[in-house]
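Undergrad: Sharing a sequence plus its predicted fold:
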Amino acid sequence: MRVLTCAATLVIVLAPATLPLAWGTLGQSSTTVEDDRAKLHGQLQRRGGMGYSIDTIIAAGMEINEYISSDGMVFAVVWKGTGVPDLKLLLGEYFQAYREEVTAARSRRPRVREPFRMKSDRLVVEQAGHSRSLWGRAYLPSQLPPGIRPEDIQ
């Protein structure tokens, strides 16, 4: 029973949402944002900040904020809504490190449901919530534009 519970938890945490979602990839160019909006039939909103912009896609009970530096690179993503987006696409080359950390955290405390946090020099990922109300964020500490602090990424 314990193994089954651990496996179920991993499936819930690691499985992408049932919708075919594709977002701009962390550490990559922001050129996919308009394609994402069109595929999802969602609304795209753009807000400017000092040295960065935030593109928000709202569709299917999800809100994804992509933080884009002035040179067009996605340095952070934030999600909230009724599910979890496809983190393999969202995190790109950083997904494997995230997955390994999730697996390790679940093996240390398989019965405890608590917010997840991983922090390294390359990547920070946080996620929490409960059924139908989930949120998370991922950012690249070394890519934060001057003047933006981690607490500004919400």
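TA: Structure received.
Undergrad: Look through every helix and strand of this structure and give the one with the lowest mean pLDDT.
TA: helix 2-14 (a mean of 37; mean pLDDT, DSSP states H and E).
Undergrad: Leaving out chain neighbours, which residue sits closest to Val124?
TA: Nearest residue to Val124, sequence neighbours excluded (C-beta to C-beta, 6 or more residues apart in numbering): Tyr139, at 5.4 Å. For every residue, glycine as well, the C-beta is placed using N, CA and C.
Undergrad: In contact with the one you found, which residues?
TA: 26, 67, 75-77, 123-124, 150, 153 (C-beta atoms under 8 Å, 6 or more residues apart in numbering).
Undergrad: So which of those residues belong to strands?
TA: Under the assignment DSSP state E, the contacts of Tyr139 contribute 67, 75-77, 124 to strands.
Undergrad: CA atoms only: put stretch 59-71 into PDB for me.
TA: This file holds the C-alpha atoms of stretch 59-71, laid out as PDB (Å, rounded to 0.1, in the frame of the first residue of the first chain):
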ATOM      1  CA  ALA A  59      -6.900  29.500 -20.800                       C
ATOM      2  CA  ALA A  60      -8.700  26.400 -19.500                       C
ATOM      3  CA  GLY A  61      -8.600  27.300 -15.900                       C
ATOM      4  CA  MET A  62      -4.800  28.100 -15.900                       C
ATOM      5  CA  GLU A  63      -2.800  31.300 -15.800                       C
ATOM      6  CA  ILE A  64       0.800  31.100 -16.900                       C
ATOM      7  CA  ASN A  65       3.100  34.100 -16.400                       C
ATOM      8  CA  GLU A  66       6.300  34.100 -18.400                       C
ATOM      9  CA  TYR A  67       8.900  36.600 -17.300                       C
ATOM     10  CA  ILE A  68      11.000  37.700 -20.200                       C
ATOM     11  CA  SER A  69      14.200  39.700 -20.100                       C
ATOM     12  CA  SER A  70      14.900  42.600 -22.300                       C
ATOM     13  CA  ASP A  71      16.900  40.300 -24.600                       C
END
